[in-house]
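Novice: model this:
(chains A and B)
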There are 2 protein chains.
Amino acid sequence: MELVTIEDIRAAAKLIGDAVLRTPLVACPWTDPSRPLSLKPENLQAIGAFKVRGAHHMLARLTPDARARGVVAYSSGNHAQAVAYAARVAGIPATIVIDDTAPPIKVAATEELGAEVRLVPLTERAAVARELARESGATLVPPFDHPDIIAGQGTIGLEIAEDLPEVAAVLVPISGGGLASGIGVAVKALCPNAAVFGVEPELAADTRDSFAAGELVHWPAEQRVRTSADGLRAEPSELTFAHLRSVLDGVLTVSEDEIRSTIGLLARRARLVAEPSGAVAPAAYLHRADQLPAGPTVAVVSGGNIDPALLAEAVQA
Amino acid sequence: MELVTIEDIRAAAKLIGDAVLRTPLVACPWTDPSRPLSLKPENLQAIGAFKVRGAHHMLARLTPDARARGVVAYSSGNHAQAVAYAARVAGIPATIVIDDTAPPIKVAATEELGAEVRLVPLTERAAVARELARESGATLVPPFDHPDIIAGQGTIGLEIAEDLPEVAAVLVPISGGGLASGIGVAVKALCPNAAVFGVEPELAADTRDSFAAGELVHWPAEQRVRTSADGLRAEPSELTFAHLRSVLDGVLTVSEDEIRSTIGLLARRARLVAEPSGAVAPAAYLHRADQLPAGPTVAVVSGGNIDPALLAEAVQA
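Specialist: Coordinates of the predicted model:
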């Protein structure tokens, strides 16, 4: 299987240009000086999540013909809004297929970004999106299972290596694995001495099990949905798992309590609003020190789209 | 009176170097496209406020002798922690004089940064700090009334002009006026067509009145303390007022309700935690559109040290 390379990621960074925020590393001077933490705040991207990087990149690579035919995506989460946003910026028509049980606020947010929304039963979401793409000739933009998406997310790793070449450990959440694949490729190429760890909720630790087994292990969907980290309920594909095996030093897990208390800490001490999925990497820094190397550490805060009631509860805990 | 110049601010940026975070402009795609808002998130600085810029700059300009004698500051707010932090980074001993009614958490945070804390009655704070400086030969680092502080805060304006040269309006909170003075000088020098507005809480609108009167008008301290924006209760000095008159296009005010609702909006839609003082500039963008020019607008989010209970309330409103 052909893996995304550092050259692909450099090319992606060039194509994306100023269309996404080049996030800074935010230092946390309240952490252990022997392993100082910096946060990569991807929650500050336009729609509140790193997903805009892969979406912008994939759209930037479309031919003029393909652009005219538009794009289709299915998701009820950050990917939906990322594709809608990137399409609006690029002037490309977008249709987003969302399951009819999704909160109306997510549907409204996607429509507000100019996308056409199709509501269908959850089980039909993927099929409807594929059918729409087939009928109209639109390009299906997948959330992670595509080299363009992986290379786009990898630009985060490029920036980490540029800003902190002495980094000793990088912590990245894992869901479908596109983010960890791209960042891992970039960091391992540019900072070969740095360790890269994936982080999962204990309640959706399929990739940890896959690493232990040496092959993709599947968890039933009804188990994965238990975690509050709603962005981390997907599983890697063959493509992303091949990347993860090649670039990760291991997979750590964190508990729901650790996720929630980290959301509170990030708001109080780093002044950043993280969603549960965005808090797992800093949570691993805080609670899995015994499994991490010493030295400067970067944790990716992947997104910040959190239910206000949950944020209110976490910040006061 | 000699005012700080753009050359002073460029020199400050060079001296400060990497000691402070070069904050990005965070785009808010949910705002009016005819006057798109970008936030300058100074709440992401190490101690959660822009104050580290002036403090780092003033300390960087001390002679080796003066460094050995240390620094003194009086404050119970962000300035205390900014001086303590900058002194720790520079390896300079720091004594911070705090009033004995300050919340213990602020005292602890300052001590955690390695500063010696002296607790005294509020009315004796300034006198004790001056006496300490006189006795020990330490340098007193004032919160705003000094050209080095103004030039340090002005580096924010330099970055705004670099990142968004087509900016039409810049909104900056006013308390003692050091921040607005520095940013105003930089923006007016580099983007002469941009308007720069100061923003105050209605409950501490002394500078608005001073602008109307054409001279410094004082509000009794017991009136100024009514606002929840505890960082905006000071008044300009002759030095900062001279700068403000020379560079500001006007002073806008916002209500306490507007401040609180903006804190909630920034957390939900920009994923940034702002303290009340840090929310007044975006609040003016949102609620004083009729007094602002069209075009790209930057609002400075000056700090993010907020009581968790207040954040919890605001985010759910």
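Novice: so how far is A:Arg69 from A:Ala87?
Specialist: 12 Å (Cβ to Cβ, to the nearest Å). C-betas here are computed from N, CA, C, even on glycine.
Novice: quick one: which of the two has more around it?
Specialist: Ranked by neighbour count (other Cβ atoms under 10 Å in any protein chain shown), A:Ala87 and A:Arg69 place A:Ala87 first, with 25 against 16.
Novice: now the one helix or strand that one maps to, how far from the chain's geometric center?
Specialist: Here A:Ala87 sits within helix A:78-90, counting by DSSP states H and E. Mean-position distance between helix A:78-90 and its chain equals 14 Å (Cα atoms, centre = their mean, to the nearest Å).
Novice: The next helix or strand after that helix near chain B at all?
Specialist: Downstream of helix A:78-90, the next assigned helix or strand under DSSP H and E is strand A:94-99. No: Strand A:94-99 is not in contact with chain B by Cβ under 8 Å from any Cβ of the partner chain; minimum separation 14.6 Å.
Novice: just checking, what packs against strand A:94-99?
Specialist: Packing partners of strand A:94-99 (3 or more Cβ pairs under 8 Å, 6 or more residues apart in numbering or on different chains; DSSP states H and E): strand A:71-74, helix A:78-90, helix A:104-112, strand A:116-120, helix A:125-136.
Novice: Paired strands for it, with orientation please.
Specialist: Its sheet considered, strand A:94-99 pairs with strand A:71-74 (parallel), strand A:116-120 (parallel) by DSSP bridges.
Novice: check contacts around the spatially closest residue to A:Gln45 that is not a sequence neighbour.
Specialist: With sequence-adjacent residues excluded and distances taken as Cβ to Cβ, 6 or more residues apart in numbering or on different chains, A:Gln45 is closest to A:Val52, at 4.9 Å. The contact partners of A:Val52, by Cβ atoms under 8 Å, 6 or more residues apart in numbering or on different chains, come to A:19-20, A:45-46, A:82, A:85-86.
Novice: Check what contacts the helix holding A:Ala87 and list those residues.
Specialist: For helix A:78-90, contacts defined as Cβ under 8 Å, 6+ apart pick out A:19, A:46-49, A:51-52, A:54-56, A:59-60, A:67, A:70-71, A:73-75, A:93-94, A:96, A:98, A:106, A:109-110, A:113-115, A:141, A:143, A:231, A:303, A:305, B:29.
Novice: if we go to 7 Å?
Specialist: A:19, A:46-49, A:51-52, A:55-56, A:59, A:71, A:73, A:93-94, A:96, A:98, A:109-110, A:113-115, A:141, A:143, A:231, A:303, A:305, B:29 (Cβ atoms under 7 Å, 6 or more residues apart in numbering or on different chains).
Novice: angle of it against strand A:116-120?
Specialist: Angle between the axes of helix A:78-90 and strand A:116-120 is 160 degrees (criterion: axes from the mean of the first three to the mean of the last three Cα atoms, to 10 degrees).
Novice: Helix A:78-90 - what's its average pLDDT?
Specialist: Averaging pLDDT along helix A:78-90 yields 95.
Novice: now the helices for chain A?
Specialist: A:6-16, A:51-60, A:64-69, A:78-90, A:104-112, A:125-136, A:147-163, A:178-190, A:206-213, A:221-224, A:238-247, A:256-269, A:276-287, A:308-316 (DSSP state H).
Novice: how about those helices, which one is nearest B:Val172?
Specialist: helix A:256-269 (24.3 Å; Cβ to Cβ).
Novice: got the contacts of A:Val52 as TSV, with distance to B:Ala284 columns?
Specialist: Formatted as TSV, these follow (distance: Cβ to Cβ, whole Å):
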residue	distance to B:Ala284
A:Ala19	29
A:Val20	28
A:Gln45	25
A:Ala46	22
A:Ala82	30
A:Tyr85	26
A:Ala86	31
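Novice: Output the residues you listed in TSV, with neighbour count appended to each entry.
Specialist: As requested, those are exported to TSV (neighbours: other Cβ atoms under 10 Å in any protein chain shown):
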residue	neighbour count
A:Ala19	18
A:Val20	26
A:Gln45	25
A:Ala46	23
A:Ala82	30
A:Tyr85	27
A:Ala86	31
